[in-house]
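Student: Pasting a predicted model and its sequence here:
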Amino acid sequence: MPKKRKCDDELRLMAEYPGVYGDLLAGRIQTLKQALRIVGLAPKRTRVEKLKASWAKASAGERDEFLQWLLVSGALPSAPTGTAASEGSVVPKTGEFPIASGRYLLPSTIARIKDIMVKRRLNADSVMEEMGFASGDRALARALLRNTSLRLAVIAALDRWLRANSEV
């Protein structure tokens, strides 16, 4: 599939929304991006999306500086003393590792879930049922097979389920 270009958006605007395109040409709308937002073809980025993009572009030092600022401002709970937190970086309170990055399971988590499922002879539906969700909910199966995103409630329940099955 060819890469999308700016002229593709302009052609679509001209074909599907000639009134808005006319306003763009007349100067009543200043930019193509504004015209696309008006007709709903380009949604406005949320503040969270902007923060995520900035976080991804930031260096490790800038990230540590930002996390330190969050600690000082009280937005994050203070980290335990005597750990790496005293050096300025934030560590998990319980020492546990995360199971997901955002809404996506980490590869190590997927491997651990599959291992528990094999040992206990479970399928994804029965795991969802054990966690308190509908057995017909295919979200976990899709996440394990195709690495799709999960609802935050499912990730939280999955974290509890993994801790409960840590001895398996």
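Tutor: The structure has been received and is ready for your questions.
Student: Going by neighbour count, which residues in the lowest-mean-pLDDT helix or strand in the chain are buried?
Tutor: Ranked by mean pLDDT, DSSP states H and E, the helix or strand of the chain with the weakest confidence is helix 60-73, at a mean of 83. Residues of helix 60-73 classed as buried: 67, 71 (neighbour count, 16 or more other Cβ atoms under 10 Å). Any C-beta I mention is one placed from the backbone N, CA and C, and that applies to glycine too.
Student: downstream neighbour of it in the secondary structure list?
Tutor: Note on helix 60-73: by DSSP states H and E, the next helix or strand toward the C-terminus is strand 100-101.
Student: Show me the strands paired with that following strand, marking each as parallel or antiparallel.
Tutor: Using DSSP bridges, the strands paired with strand 100-101 are strand 104-105 (antiparallel).
Student: Give me the contacts around the strand it pairs with.
Tutor: Identification of contacts with strand 104-105 by Cβ atoms under 8 Å, 6 or more residues apart in numbering yields 99, 113, 143, 144, 147, 148, 149, 150, 155, 158.
Student: hmm, try it at 10 Å
Tutor: Identification of contacts with strand 104-105 by Cβ atoms under 10 Å, 6 or more residues apart in numbering yields 98-99, 110-113, 140, 143-144, 147-150, 154-155, 158.
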